[in-house]
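Engineer: Take this sequence and fold it.
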Amino acid sequence: MSDLQKEASATLIKAIVAQRSVKTGEEIAEMDKALHTTKAMYLAAMKQTRPGIKEAQLAG
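Structural biologist: Below is the predicted model of the structure:
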């Protein structure tokens, strides 16, 4: 058993998991914005992709 496992608080872990399980409308809206941003970035990168190009070149 690692030091981290020995020091872990089961009560704290359960509280954090419970807190993360419920999202507010604002949190869902932020997640939706992040999803749309990620999609736009991915599509932009796909349009610039061609054989032989390196990932670092796409990043600019």
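
Engineer: Off-centre distance for stretch 37-55?
Structural biologist: For stretch 37-55, the gap between its own C-alpha mean and the chain's C-alpha mean amounts to 19 Å (Cα atoms, centre = their mean, to the nearest Å).

Engineer: Please apply the same query to stretch 29-47.
Structural biologist: Averaging C-alpha positions (Cα atoms, centre = their mean) puts stretch 29-47 12 Å from its chain's average.

Engineer: any idea of the mean pLDDT in it?
Structural biologist: Mean per-residue pLDDT for stretch 29-47: 95.

Engineer: Could you list the buried residues of that stretch?
Structural biologist: By neighbour count with 16 or more other Cβ atoms under 10 Å, stretch 29-47 contains no buried residues. Using the backbone N, CA and C atoms, a C-beta is placed for each residue, glycine as well.

Engineer: how about the CA coordinates for that stretch, as PDB?
Structural biologist: The C-alpha coordinates for stretch 29-47 follow below in PDB (Å, rounded to 0.1, in the frame of the first residue of the first chain):
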ATOM      1  CA  ALA A  29     -23.400  25.500 -20.300                       C
ATOM      2  CA  GLU A  30     -19.700  25.900 -19.800                       C
ATOM      3  CA  MET A  31     -19.100  22.200 -20.800                       C
ATOM      4  CA  ASP A  32     -21.200  22.800 -23.900                       C
ATOM      5  CA  LYS A  33     -19.100  25.900 -24.800                       C
ATOM      6  CA  ALA A  34     -15.900  23.900 -24.400                       C
ATOM      7  CA  LEU A  35     -17.300  21.100 -26.600                       C
ATOM      8  CA  HIS A  36     -18.100  23.500 -29.400                       C
ATOM      9  CA  THR A  37     -14.700  25.200 -29.100                       C
ATOM     10  CA  THR A  38     -12.900  21.900 -29.200                       C
ATOM     11  CA  LYS A  39     -15.000  20.800 -32.300                       C
ATOM     12  CA  ALA A  40     -14.100  24.100 -34.100                       C
ATOM     13  CA  MET A  41     -10.400  23.700 -33.300                       C
ATOM     14  CA  TYR A  42     -10.400  20.000 -34.500                       C
ATOM     15  CA  LEU A  43     -12.200  20.900 -37.700                       C
ATOM     16  CA  ALA A  44      -9.800  23.800 -38.400                       C
ATOM     17  CA  ALA A  45      -6.800  21.400 -37.900                       C
ATOM     18  CA  MET A  46      -8.400  18.800 -40.100                       C
ATOM     19  CA  LYS A  47      -8.800  21.300 -43.000                       C
END
